[in-house]
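>>> no sequence for this one, just the structure:
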């Protein structure tokens, strides 16, 4: 398996909003109260008929990590396998990364005074014991992980999705299957 | 807006005032230029110390924004891509060069050969510092910041606070508005022809500039199709309409005060009135700037969900 760029896959048609991914992330990484490395949000509206769906988002380990570019202390770096990680020993809590990120991924911890975010469960990947806990815990397979190249080759996937920011800003390593209309 | 973001309000305003005041002082010095050179060294030293105090205070306040202020030097690491690193380096160099210039000015009493190139060096770093400060906020993820209104507002703030700050320094030295004539004299014996009026005029234009920035900012936000831009616009015009109103009220009062200052040489008691008008203008504009910078940070809304 190549290790060019780890990525997420999200199918909006399968997500029930159960938040198992959020809980799995918290438990696996011991994330304290407050910061949420992964968030499930609900989108609803009535343009073109009423609709409602959920979106599970974390750090997208972007190909252009603007958080790392903005960080003055060099605390954020992109690993060779594409995972973007925070070295908390270098973080000074300037929070520029949080301003720069369009996905609200870097979270400030009041407990440590440092920024933290999804690390793609790199400890599991490095140890060869599995992938991100969120994706592996998803009961409907709405959230999956893999190599960006493989995920992007799946049928019907898009880089741009619903209310998310322009993908061109950071080229996020996530692909989506948007909600299919169920009404005529 | 979080409490620690207030440090950024005062950091940006104090340092922008330092940049504006330094550049204004150089223009004033050219204006005051006499056949022998410029204003006496001691007086200029005091003015530069005032600018340096504003800069150092601003840089010091910025530390409160960090959760680890004692590790602030780490912020210099990422010069390759981080505008914050570049801002801190250029701000630090501005402080170092300004200190050196102040020392040279203090020691030499009058113009020394080193003064000219050190003044240029300081001026260039001051402009670079302001440029880096602007770039930090031009983020595609923050529609309310990522508009032409941000650089315009920062430059205009530097101009407003700098010009009015210098005006305050001059009136505290004993300058008074004088009818332009060859017989007018400053406390040093050099011709100050219309200098306070000139500063009043520039300050007036800089205050009025703000009235143009808001429509530009509102138009930019209205054109942006993202919900974040609409949220920022809503915050600016509904949630904080009272603060926006207060800011504009203060700027209108400052406009009136500066207009009186501009014409004060025609008033018989101008020597007594001018310092009061200068101090009032500066204080009013300073409060208006604090309101404006608070709005800048408080109306920020990130794109996405």
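Done, it's in. Values in this document were obtained by computation on a predicted structure and should not be read as measured data. Numbering: from 1, shown residues only, chains lettered A, B, ... in the order given.

>>> okay, CA-based contacts and neighbour counts for the rest of this
Will do.

>>> would you list every one of the helices in the chain?
Just so you know, I chose chain A. For chain A, the helices defined by DSSP state H cover A:20-29, A:66-70, A:96-100, A:122-127, A:133-137, A:148-152.

>>> my question was about chain B
B:6-31, B:41-62, B:83-108, B:113-137, B:149-172, B:195-223, B:227-234, B:241-262, B:270-298.

>>> To chain A, which of these lies closest?
helix B:83-108 (5.0 Å; CA to the nearest CA).

>>> pLDDT (mean, whole number) over that closest one?
For helix B:83-108, the mean pLDDT works out to 93.

>>> and what of stretch A:105-124?
On average, stretch A:105-124 scores 94.

>>> Tell me which stretches of chain A form strands.
A:6-11, A:39-45, A:51-57, A:76-78, A:84-86, A:107-108, A:115-116, A:143-147, A:174-177 (DSSP state E).

>>> got the buried residues for the third one?
For strand A:51-57, the buried set under the neighbour-count rule, 16 or more other CA atoms under 10 Å in any protein chain shown, comprises A:53, A:54, A:55, A:56, A:57.

>>> the inter-axis angle of that strand versus strand A:39-45?
160 degrees (axes from the mean of the first three to the mean of the last three CA atoms, to 10 degrees).

>>> that older thread, switch the strands of chain A over to CSV; also include distance to chain B.
As requested, the strands of chain A are arranged in CSV below (distance: least, CA to the nearest CA, whole Å):
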stretch, distance to chain B
strand A:6-11, 15
strand A:39-45, 8
strand A:51-57, 9
strand A:76-78, 10
strand A:84-86, 14
strand A:107-108, 10
strand A:115-116, 10
strand A:143-147, 18
strand A:174-177, 15
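
>>> I'd like those strands laid out as JSON lines, including distance to residue A:69.
Compiled in JSON lines, the strands of chain A are given as follows (distance: least, CA to CA, whole Å):
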{"stretch": "strand A:6-11", "distance to residue A:69": "20"}
{"stretch": "strand A:39-45", "distance to residue A:69": "24"}
{"stretch": "strand A:51-57", "distance to residue A:69": "21"}
{"stretch": "strand A:76-78", "distance to residue A:69": "8"}
{"stretch": "strand A:84-86", "distance to residue A:69": "12"}
{"stretch": "strand A:107-108", "distance to residue A:69": "17"}
{"stretch": "strand A:115-116", "distance to residue A:69": "15"}
{"stretch": "strand A:143-147", "distance to residue A:69": "23"}
{"stretch": "strand A:174-177", "distance to residue A:69": "20"}
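
>>> Torsion angles phi and psi at the most centrally placed residue in chain A?
Central residue of chain A (CA atoms, centre = their mean): residue A:58, 2.7 Å from the mean position. Backbone geometry at residue A:58, expressed as degrees, to the nearest 10, gives phi -140, psi -160.

>>> Spit out the contact partners of it.
Residues counted as contacts of residue A:58 (CA atoms under 8 Å, 6 or more residues apart in numbering or on different chains) are A:37, A:38, A:39, A:103, A:105, A:117, A:118.

>>> so the second one touches residue A:21, yeah?
Read it as residue A:38. Yes: counting by CA atoms under 8 Å, residue A:38 sits close enough to residue A:21 to count as a contact (7.4 Å).

>>> Common neighbours of these two, please.
With CA under 8 Å, 6+ apart as the test, residue A:38 and residue A:21 both reach residue A:56.

>>> buried sites along stretch B:61-81?
For stretch B:61-81, by 16+ other CA under 10 Å, it's B:61-69, B:72, B:74-79, B:81.

>>> before we move on, what about stretch A:113-127?
A:113, A:114, A:115, A:116, A:117, A:118, A:119, A:120, A:121, A:122.

>>> ditto for stretch A:9-23
Those buried within stretch A:9-23 under the rule 16+ other CA under 10 Å are A:9-17, A:19-23.

>>> May I see those organised as a markdown table, with pLDDT added?
Listed next are the buried residues of stretch A:9-23 as a markdown table, based on pLDDT from 0 to 100:
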| residue | pLDDT |
| --- | --- |
| A:9 | 97 |
| A:10 | 97 |
| A:11 | 96 |
| A:12 | 94 |
| A:13 | 94 |
| A:14 | 95 |
| A:15 | 96 |
| A:16 | 96 |
| A:17 | 96 |
| A:19 | 97 |
| A:20 | 97 |
| A:21 | 97 |
| A:22 | 97 |
| A:23 | 97 |
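
>>> Farthest pair within these?
Farthest apart among those by CA to CA are A:13 and A:23. That separation is 20.6 Å.

>>> ok, back up a step: state the pLDDT value of the residue nearest to the centre of chain A.
Per the predicted model, pLDDT is 96 at residue A:58.
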